[in-house]
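pasting the sequence and the predicted coordinates here, then a few questions.
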Amino acid sequence: MRRNRQQLSREECERILGRCTSGVLALAGDGGYPYAVPLSYVYADGAIIFHSAVQGHKVDAIKRDCRCSFCVIEQDEIRPAEFTTYFRSVIAFGRIHILEDAAEKVQALRLLGRRYSPDDEPGLQHEIDKSMHHVLLLRLDIEHLSGKEAIELTRARTQ
């Protein structure tokens with residue numbers, strides 16, 4: 001990273017991944033074009049979990065090349081008078097895998113369900129039973145994390 005002062009620690013990157021609920025997954029798409037798609041996710045045990053339809057452009061891209069990045073923007077506050085934004089963001093780089101093991105799939109669905117519907121355990125079990133055979137679960141194993149914030153936020157934190 002060119003501006004080291006603005007770099008976030010790994011711990012702060014992980015906190016941001018744990019707080020946010022959506023980001024953009026970037027894959028190698030058809031014909032050499034990048035393919036970026038917004039997704040809901042859950043961060044758990046050093047990995048990022050997604051769910052998906054069993055077929056489609058995203059799945060084709062993952063099967064062709066599992067390398068990816070995932071970007072989360074925690075803050076993007078427009079400051080018109082300063083002609084800038086106060087931002088905080090994280091990019092995770094790694095490899096994304098389709099979960100095949102039934103127990104892993106159920107665990108991933110539980111993590112996602114509890115993240116988005118934490119107070120509905122009976123409903124979660126019903127949803128798992130209903131969707132288990134027509135949903136794909138994906139795990140991004142993070143190899144590198146990079147986080148950055150606006151210099152104004154860095155200055156405010158260090159003063």
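Noted; the coordinates are in hand.

going forward, measure contacts between C-alpha atoms and count neighbours the same way
Noted.

remind me which residues of this protein are low pLDDT?
Scanning the chain for pLDDT under 70 picks out 1-3.

so where do the helices sit in the chain?
10-19, 57-64, 102-116, 121-131, 151-158 (DSSP state H).

quick one: contacts of the first one?
For helix 10-19, the surrounding residues in contact (Cα atoms under 8 Å, 6 or more residues apart in numbering) are 42-44, 72, 74, 89-90, 145-147.

rerun that using 6 Å as the cut-off
The contact list for helix 10-19, computed with Cα atoms under 6 Å, 6 or more residues apart in numbering, reads 43, 90, 147.

nearest to Gly113, of these?
Closest to Gly113 out of the contacts of helix 10-19 is Tyr43 (12.4 Å), distances taken as Cα to Cα.

so how many other residues sit close to the closest residue to that closest one other than its chain neighbours?
If you skip the residues right next to it in sequence, Tyr43 has Gly18 as its closest partner in space, 5.5 Å away by Cα to Cα, 6 or more residues apart in numbering. Using other Cα atoms under 10 Å, Gly18 has 15 other residues around it.

would you put the C-alpha positions of stretch 66-79 in PDB?
Backbone C-alpha positions of stretch 66-79 (Å, rounded to 0.1, in the frame of the first residue of the first chain) are rendered in PDB as follows:
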ATOM      1  CA  CYS A  66     -11.200 -19.700  -7.700                       C
ATOM      2  CA  ARG A  67      -9.000 -16.600  -7.100                       C
ATOM      3  CA  CYS A  68     -11.000 -13.600  -6.100                       C
ATOM      4  CA  SER A  69     -11.200 -10.500  -4.000                       C
ATOM      5  CA  PHE A  70     -14.000  -9.200  -1.800                       C
ATOM      6  CA  CYS A  71     -14.400  -5.500  -1.000                       C
ATOM      7  CA  VAL A  72     -16.400  -4.100   2.000                       C
ATOM      8  CA  ILE A  73     -17.000  -0.400   2.500                       C
ATOM      9  CA  GLU A  74     -17.700   0.400   6.100                       C
ATOM     10  CA  GLN A  75     -17.900   4.100   5.800                       C
ATOM     11  CA  ASP A  76     -18.300   6.500   2.900                       C
ATOM     12  CA  GLU A  77     -19.200   9.900   4.200                       C
ATOM     13  CA  ILE A  78     -19.300  12.600   1.600                       C
ATOM     14  CA  ARG A  79     -17.700  15.900   2.600                       C
END
